[in-house]
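Student: Build the 3D model from these lines:
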Amino acid sequence: MSSNQEDQNNIDLQQYWLILKKRWLVIVSVAGSVLGLTAIVPFYQKPVYEAEGKLLFNKTDRATSLTGLSEQMGEINSVNQGSNPLDTEAEVIRSYPIVSKTISNLQLMDKQGNPLEIDDFLRKLKVKSIRGTDILSLSYRSTNRQEAADVVNLLIRYYRENNVGGNRVEATAAREFLRKQLPDVESRVIQAEVALRRFKEANRIVVLDEEAKAGVVSLKELSQQIITVQAQLTDAQTRSRTLKEQLKMTTQQAVDFSTLSQTDGVQDVLVEYQKTQKELAVQQTRLTPEHPTIQNLSSKKEALKKQLEARVGENLGNGQPIPQRNLQIGELKESLTAKLVQSDSESLALANQVQVLKNAYSNYQNRLSVLPQLEQKQRVLERQLQVARSTYEQLLKRLQEVDVVVNQNVGNARIVSEAVVAKKPVSPKMELYLAIGGCLGILLGVGTSLFLEAMDKSLKTVEEAEQILGYPLQGVIPRLSYKGGVNTAEYAFNLPVRDNPHSPASAAFEMLQANLDFSVSDSDKQLKVIVVLSSSPSEGRSFVAANLAVAKAHMGRRVLLIDGDMRHPCQHAIWKIPNSTGLSNILVGQTELQPSTQEVLINVEVLTAGTIPPNPAALLDSQKMAALIAEAARDYDVVIIDTPALNLFADGLMLGKLADGILLVVRPGVLDLSVAKATKAKLEQSRSRVLGMVINGVTYTTKHGNYYTNKQYPAKNVVERKQKAEGRREQKETEGRKN
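Tutor: Numbers count the residues shown, from 1 in each chain. Next up is the predicted model:
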């Protein structure tokens, strides 16, 4: 809905612009007359002079400027947050004491010679702030140029005297205020310093930022050391497990076996014991167990065994028996045993080192976790100290300044420029009168043109055509333009669908033929014979018929275009073909249809009007004409008949009875409202089937360059009709299959 409303507004503006272009001469005449009259008025007025002076205001008022407690408190402000401080000062300048003193001093009089009233004075006085600055402008108008300058300068002087008097009182009050506040502020500074010192002592703080940075670095280094030592520990433990699996002994056993293999006393007894065992085994092969030699060797073996066990026990101290194979190991096994002992020692040392590093990491982490809280508390204390010091320093500085200011005349306004005697009058202004006269003249001119347009009874817009005629809008054809302007014969002798297929006009005719096809789907009767009709001449009836024929041919239809206007034919001129033989010759029996048609394009044949007969109506209303149309409908896909204007001749209605439908061509600006209503009545009276309207010669476009009207093409109706036709077609196919 909003989009349609926006389109309606845009189109209305375009319509108004077309009206103004059409009535430009009236607008220029009225505007020129009004402008000339307004140019005479200034010569009969007395000149008025204006003097102006300017005051610059400081950004701070008297009290807060002297105390200087803060920049925001020092701005010129007022009780009402929405007010402007410069406006307040302007009202002070316009106040009764200052104004009355100025009137009395200069003895200002009105036109009757009486003392000037304050209200009259204020009407001549203008006090305003210059935008974007802290400057007030004072101006006064008078017919006496010297008087205007004197009034402004005297007002400025009286205002500054009033301002300085108020400032002196405020400076004294500011000094007393500062002297009372200084001791309290100094005490707050001392308390803040003590609190900060105690906080640092209690938490052993020197520089928190440096401590935090060093702690982060230490954590990173400890983390890397822990990772490195853990890797070394894992390596040592892996080596120990591997050696234990290879030796099949524990670390303690490896130590014990290594110790015994390196003890001379144990090894000597072990060697003697092994020798005795060997000798006993040899003797047992030759002698009986009761033989003295066997008995002696057995006793020696037992004695050596006890001695070996005793020496092993002395070295190990655990009393557990040790297999003889472990009392004497080889060099490889001895080397592996030494590596096992070394790996276990390294694992124990590395495990202790990891634990120490983790403890140190935890201590640093705990300290760093506390630092943010300590830092927050320290910042609060430092901020309190900084605020107290800053306030104390400002108060002390302002007190010294106020001591100097008290005895001086201090004001917050100074003169930027004094008023000088004006050399040129400010009123009357010729430019202003000319501007007013020009605007008024343009408004009157536009109003006059709109009034004249309202008196014009011709049909102007597509919307009016739809309201008056009431037929469906089948298409909108844009007006053709040329470099030299608009050709008056464009609609009679141009074929944009053929010559310029990418033009807006070509697209419009394609839309027209598509809409006609969709309109056929609303009824069972096939649309083959179309009569193109218009209410009055010069509406582009022949132009529409010719281009519609080309558009139909582009869709693969075989088209016959018949020039049924046997009074003023023009189809032969459009197509540039001879008109020696045509429709009239067929109707009087001189020739037949096929020899008389002329092929002008692929799928397009034209039957010209032929020789102009004395009685065209009688020929068109004959059985011969009906037979001709029936024959053409059989031989061609589409038959388009061009007819004369309906307000002049009834030929179109006669042919409309023989056709499948009438296409009414309407051209805004050409068709009169009364003629349009008469056409509507004739068509209803004849009960002709009107397919719809074609709006021809639309002169305004959208921003995209596509020709447009008050309403969009009836796309919604077209889609609905297409959907209905498809539904009926599917229903018929279903019924056929059932049968």
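
Student: Could you pull out the buried residues of stretch 530-539?
Tutor: By 16 or more other C-beta atoms under 10 Å, the buried positions in stretch 530-539 come out as 530-536, 539. All C-beta spots, glycine's among them, are computed from the backbone N, C-alpha and C.

Student: make that stretch 158-174, sorry
Tutor: So, applying 16+ other C-beta under 10 Å, buried residues of stretch 158-174: 158-160, 162-164, 167-168, 170-171, 174.

Student: Include distance to Ala39 when you put the buried residues of stretch 530-539 into a markdown table, please.
Tutor: Listed next are the buried residues of stretch 530-539 as a markdown table, based on distance: C-beta to C-beta, whole Å:
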| residue | distance to Ala39 |
| --- | --- |
| Ile530 | 62 |
| Val531 | 61 |
| Val532 | 57 |
| Leu533 | 56 |
| Ser534 | 51 |
| Ser535 | 49 |
| Ser536 | 47 |
| Glu539 | 47 |
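
Student: ok, back up a step: what's the closest of the buried residues of stretch 158-174 to Gln513?
Tutor: Ranked by distance to Gln513 (C-beta to C-beta), those are led by Tyr159 at 83.6 Å.

Student: Grab the nearest non-local neighbour of that closest one.
Tutor: Ile93 (5.2 Å; C-beta to C-beta, 6 or more residues apart in numbering).

Student: Verify the stated contact: the one you found with Ser139.
Tutor: No: if you go by C-beta atoms under 8 Å, Ile93 and Ser139 don't touch, sitting 11.6 Å apart.

Student: okay, and the common contacts of these two?
Tutor: The overlap between the contact sets of Ile93 and Ser139 (C-beta atoms under 8 Å, 6 or more residues apart in numbering) consists of Val127.

Student: Who are the packing partners of the top helix by length along the chain?
Tutor: For the chain, the helix that runs over the most residues, judged by DSSP state H, is helix 331-405. For helix 331-405, the contact count by 3 or more C-beta pairs under 8 Å, 6 or more residues apart in numbering; DSSP states H and E identifies helix 62-67, helix 145-202, helix 208-247, helix 251-261 as packing neighbours.

Student: relative to helix 208-247, how tilted is that helix?
Tutor: 170 degrees (axes from the mean of the first three to the mean of the last three C-alpha atoms, to 10 degrees).

Student: Distance from the chain centre to helix 331-405, please.
Tutor: 50 Å (C-alpha atoms, centre = their mean, to the nearest Å).

Student: ditto for stretch 151-166
Tutor: 54 Å.

Student: And the average pLDDT for it is what?
Tutor: For stretch 151-166, mean pLDDT is 82.

Student: Run through the residues that contact the closest residue to Tyr636 other than its chain neighbours.
Tutor: Spatial nearest neighbour of Tyr636, chain neighbours left out: Leu560 (4.3 Å); criterion: C-beta to C-beta, 6+ apart. Each residue near Leu560 by C-beta under 8 Å, 6+ apart is listed here: 597, 605-607, 632, 635-636, 638-640.

Student: before we move on, back to that, okay, angle between the longest helix of the chain and helix 145-202 too, please.
Tutor: Using the same axes, to 10 degrees: helix 331-405 against helix 145-202 is 140 degrees.

Student: Quick check: what element follows helix 331-405 along the chain?
Tutor: strand 413-417 (DSSP states H and E).

Student: How about residues contacting that following strand?
Tutor: Strand 413-417 is contacted by residues 52-58, 89, 135-136, 156, 159-160, 163 when judged by C-beta under 8 Å, 6+ apart.

Student: Flag every buried residue along whichever helix or strand comes after it.
Tutor: Scanning forward in sequence from strand 413-417 by DSSP H and E, the next helix or strand is helix 430-455. For helix 430-455, a neighbour-count test (16+ other C-beta under 10 Å) marks 433, 437, 440-442, 445-446, 448-449, 453 as buried.

Student: Which of those residues sits closest to Gly652?
Tutor: For the buried residues of helix 430-455, the nearest to Gly652 is Glu453 (30.6 Å; C-beta to C-beta).

Student: need the contact list for Glu193.
Tutor: Leu385.

Student: That one and Glu464: what is the separation?
Tutor: According to C-beta to C-beta, to the nearest Å, Glu193 stands 91 Å off from Glu464.

Student: now swap in Val387 and tell me
Tutor: 79 Å.

Student: for Arg498, same thing?
Tutor: Following C-beta to C-beta, the distance that separates Arg498 from Glu464 is 32 Å.

Student: same thing with Leu450?
Tutor: In terms of C-beta to C-beta, Leu450 sits 16 Å off from Glu464.

Student: hang on, the earlier thing: so how do I select the buried members of the contacts of strand 413-417 in PyMOL?
Tutor: Buried subset of those, written as a PyMOL selection, criterion 16+ other C-beta under 10 Å:
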select buried, resi 52+53+54+55+57+89+135+136+156+159+160+163
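
Student: could the contacts of strand 413-417 go into a markdown table alongside distance to Ala351 and secondary structure?
Tutor: Below are the contacts of strand 413-417 laid out as a markdown table (distance: C-beta to C-beta, whole Å; DSSP: H, G, I helix; E, B strand; the rest coil):
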| residue | distance to Ala351 | secondary structure |
| --- | --- | --- |
| Glu52 | 95 | strand |
| Gly53 | 94 | strand |
| Lys54 | 89 | strand |
| Leu55 | 88 | strand |
| Leu56 | 83 | strand |
| Phe57 | 82 | strand |
| Asn58 | 78 | coil |
| Glu89 | 85 | helix |
| Ile135 | 84 | strand |
| Leu136 | 87 | strand |
| Ile156 | 94 | helix |
| Tyr159 | 92 | helix |
| Arg160 | 91 | helix |
| Asn163 | 88 | helix |
